[in-house]
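Asks: Let's see this in three dimensions:
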Amino acid sequence: MGKETVLFKSEEKMSRSEAAGLLRTLADKIEKGKVVLSRGDKEVQLKVPDQVEVEIKAEKESGRNATKKKVEVEIEWLVGDSAGKSGPLKVK
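Replies: Numbering: from 1, shown residues only. Next up, the predicted model:
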């Protein structure tokens with residue numbers, strides 16, 4: 001595909017409760033169709049269409065000294081395209 005440009009990036013440690021709260025807030029904003037990400041003087045506004053593609057991946061990374069597990073959630077859409085795939089994904 002084309003060149004990827006990072007519009008916004010943030011990485012920080014937080015409690016499980018704080019992470020869950022952040023995801024709930026993000027979910028509410030996605031449902032309303034507009035997400036604004038900001039930190040300091042950096043801000044990006046995203047208009048989220050009615051249909052998006054969602055990818056969820058669980059990974060385990062084993063290193064020499066430690067094992068790391070992670071869950072990645074990716075939500076993407078084509079700019080100017082409101083059509084997308086909708087699947088039967090469930091989080092239990």
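
Asks: Let me see the ranges of the strands in the protein.
Replies: For the chain, strands defined by DSSP state E occupy the ranges 34-39, 42-47, 53-62, 67-76.

Asks: On the strand side of things, show who Ser72 bridges to.
Replies: For the record, residue 72 is Glu, not Ser. With DSSP bridges as the criterion, Glu72 is bridged to Lys57.

Asks: which residues touch Gln45?
Replies: 34-36 (C-beta atoms under 8 Å, 6 or more residues apart in numbering). The way it works is simple: take the backbone N, C-alpha and C, and place the C-beta from them, glycine included.

Asks: Turn these into JSON lines, columns for pLDDT, neighbour count and distance to Ala20.
Replies: Shown next, in JSON lines, are the contacts of Gln45 (pLDDT from 0 to 100; neighbours: other C-beta atoms under 10 Å; distance: C-beta to C-beta, whole Å):
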{"residue": "Lys34", "pLDDT": "96", "neighbour count": "11", "distance to Ala20": "22"}
{"residue": "Val35", "pLDDT": "96", "neighbour count": "17", "distance to Ala20": "17"}
{"residue": "Val36", "pLDDT": "96", "neighbour count": "10", "distance to Ala20": "20"}
